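1. Test case, fold it:
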Amino acid sequence: MVLLLSIIALALLFDYINGFHDAANSIATVVTTKVLTPVQAVIWAAFFNFVAFFLAKYWLGFNIATTVYKTVLPEFATLPVILSAIIAAIIWNLITWWFGIPSSSSHTLIGSLAGAAVTYGGFHSIHYTGHDGLFITIAFIVVAPLIGMLGGAIITLITLHISKKAIPKKAEHIFRRLQLVSSAWLSITHGLNDSQKVMGVIGITLITFNSTVDPASLPHWLQLSTISEIHDWVPFACFTAIAIGTMSGGWKIMKTMGNKITKLTPVEGFCAQTAGAITLQITERLGIPVSTTHVITGSIMGVGSVKRLSAVRWGVTINLLWAWILTIPVSATLAALVYLLVRQMGIS
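-> Okay, here's the model as predicted:
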């Protein structure tokens, strides 16, 4: 029981860290364009991160939680494997946050799960194929930012065409208001995507634990046999944790997201956030756990490239691309090392 509760607590800690690690995704453009102050922006983003809980529960469902739950085959999802994955994911998230690297918390978690499971049971312990397999998640490391980039460019071109006859000062005033809407939408989709990944991990943990004991001996809120029957306290806790994390900010990464990739005006901030939100909405419906960091970065690049290709600092984006590519293998390796240490300590 102690191990079970420890894993749940660490999973929610990871969710909190995910919030302040990825806060920049939602607020970078709205702060850079001075539509909101940093404090106003994090409160705004956190509120809509939590609003996403009600949309998921009563309308959209928890598709991504189911995908993450299936990453490791059930017979290999032991508590030490899950514990090792969570610890490794927390370590890597804190490292990338400290150095201001906008890496993917989603891919960190999935890479850690894969690394710990492979160390325990071999390569056949992972669910690879299908729309909810590891291969599609890896593919979207490239596909998701490309969709965001294309969407950012298209939305910018359409927006500029529609508003070409507008009075500049009036247009800027309108788009500053619209940026609040697009930022709220992006924060909702961020909450929908990232909170569900931790839900999936807690779901695996509860189901695994229930298979090793008599479920009737457990409190009702800890009983679980299938991910579709997960108790409301799990998503509520996950969406709350990420919202609180978002309120804690992410200033190091925000400087990279908001200033170093390209300079943004209110209309460009609106276009980037809208493109990012649409991309995340699509992938959430498909149940594909993509990186909000990758998506919004791609969207910002797409918006910047409309002005001219040189407006995007491609040297910065190449460095980010390397961080994206390395996240899963580095996280997997770190989780493997943590699992070996956990096993050496006799935790089971």
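2. Sort out which residues of stretch 199-214 are buried, please.
-> By neighbour count with 16 or more other Cβ atoms under 10 Å, stretch 199-214 contains the buried residues 199-210. All C-beta spots, glycine's among them, are computed from the backbone N, C-alpha and C.
3. cool, stretch 60-80 as well?
-> Buried residues in stretch 60-80, counted by 16+ other Cβ under 10 Å: 60-72, 76-80.
4. likewise stretch 32-49?
-> Within stretch 32-49, the residues scored as buried using 16+ other Cβ under 10 Å are 32-33, 35-36, 41-42, 44-49.
5. pLDDT and secondary structure added to those residues, as JSON lines?
-> Output for the buried residues of stretch 32-49, formatted as JSON lines (pLDDT from 0 to 100; DSSP: H, G, I helix; E, B strand; the rest coil):
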{"residue": "T32", "pLDDT": "74", "secondary structure": "helix"}
{"residue": "T33", "pLDDT": "75", "secondary structure": "coil"}
{"residue": "V35", "pLDDT": "82", "secondary structure": "coil"}
{"residue": "L36", "pLDDT": "81", "secondary structure": "coil"}
{"residue": "A41", "pLDDT": "81", "secondary structure": "helix"}
{"residue": "V42", "pLDDT": "82", "secondary structure": "helix"}
{"residue": "W44", "pLDDT": "89", "secondary structure": "helix"}
{"residue": "A45", "pLDDT": "87", "secondary structure": "helix"}
{"residue": "A46", "pLDDT": "88", "secondary structure": "helix"}
{"residue": "F47", "pLDDT": "92", "secondary structure": "helix"}
{"residue": "F48", "pLDDT": "93", "secondary structure": "helix"}
{"residue": "N49", "pLDDT": "91", "secondary structure": "helix"}
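6. Give me the below-cutoff pLDDT ranges for this protein.
-> Filtered on pLDDT under 70, the chain yields the residue ranges 23-26, 102, 249-263, 308-320.
7. and the most centrally placed residue in it, what does it touch?
-> Nearest to the mean C-alpha position of the chain, by Cα atoms, centre = their mean, lies D194 at 3.8 Å. Counting by Cβ atoms under 8 Å, 6 or more residues apart in numbering, D194 touches 15, 18-19, 22, 105-106, 242, 292.
8. top of those residues by neighbour count?
-> Neighbour counts for those (other Cβ atoms under 10 Å) peak at I242, which has 34 neighbours.
9. wait, what's in contact with it?
-> Going by Cβ under 8 Å, 6+ apart, the list of residues near I242 reads 15-16, 18-19, 49, 191, 194-195, 198.
10. Any buried residues in the helix or strand where it lies, and which?
-> Here I242, judged by DSSP states H and E, is contained in helix 233-247. By neighbour count on 16+ other Cβ under 10 Å, the buried set for helix 233-247 is 234-235, 237-247.
11. Next one: the residue nearest to the centre of the chain relative to T274, how far apart?
-> D194 sits at a distance of 19 Å from T274 (criterion: Cβ to Cβ, to the nearest Å).
12. Then V51?
-> Distance, V51 to T274, by Cβ to Cβ: 18 Å.
13. Those two: which is more packed in?
-> Shown here are V51 and T274; by other Cβ under 10 Å, T274 has more neighbours (24 against 17).
14. and V290, that one's in a helix?
-> No. Going by DSSP: H, G, I helix; E, B strand; the rest coil, the assignment for V290 is coil, not a helix.
15. Okay, helices next: where are they in the stretch 151-300 of the chain?
-> For the stretch 151-300 of the chain, applying DSSP state H, counting those that start in this stretch gives helices covering 168-210, 233-247, 251-255, 266-286, 292-307.
16. nearest to L146, of these?
-> Closest approach to L146 among these (Cβ to Cβ): helix 292-307, 6.3 Å.
17. sorry, back to before: now, which of the buried residues of helix 233-247 sits nearest K307?
-> K307 lies nearest to T246 out of the buried residues of helix 233-247, by Cβ to Cβ, at 29.6 Å.
18. Quick check: the gap between that closest one and S106.
-> For T246 relative to S106 (Cβ to Cβ), the value is 15 Å.
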